[in-house]
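K.L.:
sequence plus predicted model, see below.
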Amino acid sequence: DPLMRRQGENVLKRLRETGFQAYFVGGCVRDELMGRPVHDMDIATSAKPEEVIALFDRTVPTGIQHGTVTVLMNGQAFEVTTFRKEAEYEDHRHPSSVEFVEELTSDLRRRDFTMNAMACDESGRITDVFGGRRDIEAGVIRCVGDAAERFDEDALRMMRAVRFASVFAFRPAKSLWAALRGGRAKIAYIAMERIRAELEKIVLGPYPLRGLALLQRSGLLESVKAPVPQAALTALRDEGRLTLLNALESFPPDAAEIRWSLLLQALGVPGEEAAGLMKKWTFSNAAAQGAADLLRFDEHWNAAREGSDGDLTLLRRHWIELELRFGKKIAASWLDRRETLLRSETGPEAAIGRSVAEKLDRLRREEGRWHRETVVHTLGELAVTGGDILQYIGRKGGPWLGELMKELLFEVASGQLDNQRERLLEFAKVVVNEDGA
Ligand code: ATP
Ligand code: MG
């Protein structure tokens, strides 16, 4: 974003004109060198936080304890952090104290990977003390300094290494990988929220398979606080489950519930347990529910299909029931998921075989059509209420009323009955009289 860059340069200039050092640092320098979109620009400076606050009109003390002040410049926000060198790590996570040092190199030295340890001034001149540019060109993730020590200081860096390798399709340096294998148990010190955030970037990124393969080979997931059972990880090598995993990249990153459901299914997690596992992994309710609902939809539908013996009327009823229960959005995701999985059944190289073409055709004719035709999804959308029905037929309520309402819903949802008050009341009366006789 050239506007952001322009304003960022203004922040650097202002600091420098006042006699301080100031640079863009970290991810934005890396992304620009890689030709990737830059989403935010972090700045490092020799100015102390109170000096930064005094220098700019609009600032927010977003992380004073780490020396960070957010500077607002013509509508753009920049995190401006005083050069720092972290002293003594405890518990393999937080720095116990932050010592401000007026020096760029020691600020860069505390950063995790060579590609994240570069600085850039407002004229575009890059400071690259640790060979970040060379490693980017070679597609290598390398720690700044001794990998084992850096992972010992902060075990989250192991997860970040796998994430960057996955998202950029890079490979870990040999030294990094050896340290990661050796230090993997220390991931247990890291809060699940932070591990989950990295896992999300892997699974919802462009190359999740690469990240998952690295996670599996690293053993990191066996050492987290809420581990995935080893048996599940081993079973990932299974051909059927690999097919599910391979399909991950066929879905766009924003099809999050589909991607998570595929991963859970590949791990052999049943729909009933999926939400619980995701909650343990600190996923949001919405994310856990979406993935779990998709899995349960899939399980229920497969069972219904098996039990229906090819009876289309019965199948259609099952479909409507599932749509009512899980909602239209999950049904649409399921169709999308199923279609892509069917396509990948023959493998990417092979032409789509006859049987797959037939299955796709059936999917579109049956489930797909029903999905499009289902216009009423909840009892509330019916043109009558339970009270209307009681009044119309002059009876007392009871469990039969709920059954009757559901029956009406099926009839309307399957297009057998118009959603009109008079028609529904008439239909209700007929059913009650038949049953009551
Ligand atoms: P992105 O924001 O695209 O995920 P990023 O590199 O900007 O990538 P951030 O988490 O925003 O990642 O961190 C900004 C910078 O801070 C990094 O580029 C790196 O220099 C440094 N950094 C972040 N986390 C760590 C860490 N755990 N250990 C050392 N340095 C880190
Ligand atoms: Mg960032």
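P.N.:
Thanks, I have the structure now. Residues are numbered from 1 along each chain as shown. Ligands and ions are numbered 1, 2, ... in the order given.
K.L.:
downstream neighbour of the one helix or strand residue 289 maps to in the secondary structure list?
P.N.:
If you go by DSSP states H and E, residue 289 is part of helix 285-307. Next along the chain after helix 285-307, taking DSSP H and E as the criterion, comes helix 312-326.
K.L.:
residues in contact with that following helix: which ones?
P.N.:
Helix 312-326 is contacted from outside by 293, 296-297, 300-301, 304-305, 308, 331, 366-367, 370-371, 374, 377-378, 409-410, 413-414, using C-beta atoms under 8 Å, 6 or more residues apart in numbering. C-beta coordinates here come from the backbone N, C-alpha and C atoms, glycine included.
K.L.:
repeat that with 7 Å
P.N.:
293, 297, 300-301, 304-305, 308, 331, 366-367, 370-371, 374, 377, 409-410, 413-414 (C-beta atoms under 7 Å, 6 or more residues apart in numbering).
K.L.:
ok so, going back, how about the helix holding residue 289 as PDB, C-alpha atoms only?
P.N.:
The C-alpha coordinates for helix 285-307 follow below in PDB (Å, rounded to 0.1, in the frame of the first residue of the first chain):
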ATOM      1  CA  ASN A 285     -17.300 -21.300  19.500                       C
ATOM      2  CA  ALA A 286     -18.200 -20.400  16.000                       C
ATOM      3  CA  ALA A 287     -15.200 -22.100  14.400                       C
ATOM      4  CA  ALA A 288     -15.600 -25.200  16.500                       C
ATOM      5  CA  GLN A 289     -19.300 -25.400  15.800                       C
ATOM      6  CA  GLY A 290     -19.000 -24.900  12.100                       C
ATOM      7  CA  ALA A 291     -16.500 -27.700  11.600                       C
ATOM      8  CA  ALA A 292     -18.300 -30.000  14.000                       C
ATOM      9  CA  ASP A 293     -21.600 -29.400  12.300                       C
ATOM     10  CA  LEU A 294     -20.200 -30.200   8.900                       C
ATOM     11  CA  LEU A 295     -18.800 -33.500  10.200                       C
ATOM     12  CA  ARG A 296     -22.100 -34.400  11.800                       C
ATOM     13  CA  PHE A 297     -24.000 -33.500   8.700                       C
ATOM     14  CA  ASP A 298     -21.700 -35.800   6.800                       C
ATOM     15  CA  GLU A 299     -22.100 -38.600   9.200                       C
ATOM     16  CA  HIS A 300     -25.900 -38.300   9.400                       C
ATOM     17  CA  TRP A 301     -26.300 -38.100   5.700                       C
ATOM     18  CA  ASN A 302     -24.100 -41.100   5.000                       C
ATOM     19  CA  ALA A 303     -26.100 -43.100   7.500                       C
ATOM     20  CA  ALA A 304     -29.400 -41.900   6.000                       C
ATOM     21  CA  ARG A 305     -28.300 -42.800   2.500                       C
ATOM     22  CA  GLU A 306     -27.400 -46.300   3.600                       C
ATOM     23  CA  GLY A 307     -30.600 -46.800   5.500                       C
END
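K.L.:
all helices of the stretch 301-437 of the chain, in order?
P.N.:
For the stretch 301-437 of the chain, the helices defined by DSSP state H, counting those that start in this stretch cover 312-326, 328-344, 354-363, 369-373, 386-393, 399-413, 421-436.
K.L.:
can you list the residues of the stretch 151-300 of the chain near ligand 1?
P.N.:
Proximity of the stretch 151-300 of the chain to ligand 1, by C-beta under 6 Å from any ligand atom, involves residues 154, 156, 157.
K.L.:
mind checking the SS state of residue 79?
P.N.:
On the three-state scheme (DSSP: H, G, I helix; E, B strand; the rest coil), residue 79 is labelled strand.
K.L.:
any stretches of the protein with poor pLDDT?
P.N.:
85-91, 93-102, 346-354, 436-437 (pLDDT under 70).
K.L.:
circling back: would you write a ChimeraX line that selects the buried entries of the contacts of helix 312-326?
P.N.:
Selecting only the buried entries of these in ChimeraX, with 16 or more other C-beta atoms under 10 Å as the criterion:
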select :293,297,300,301,304,331,367,370,371,374,377,409,410,413,414
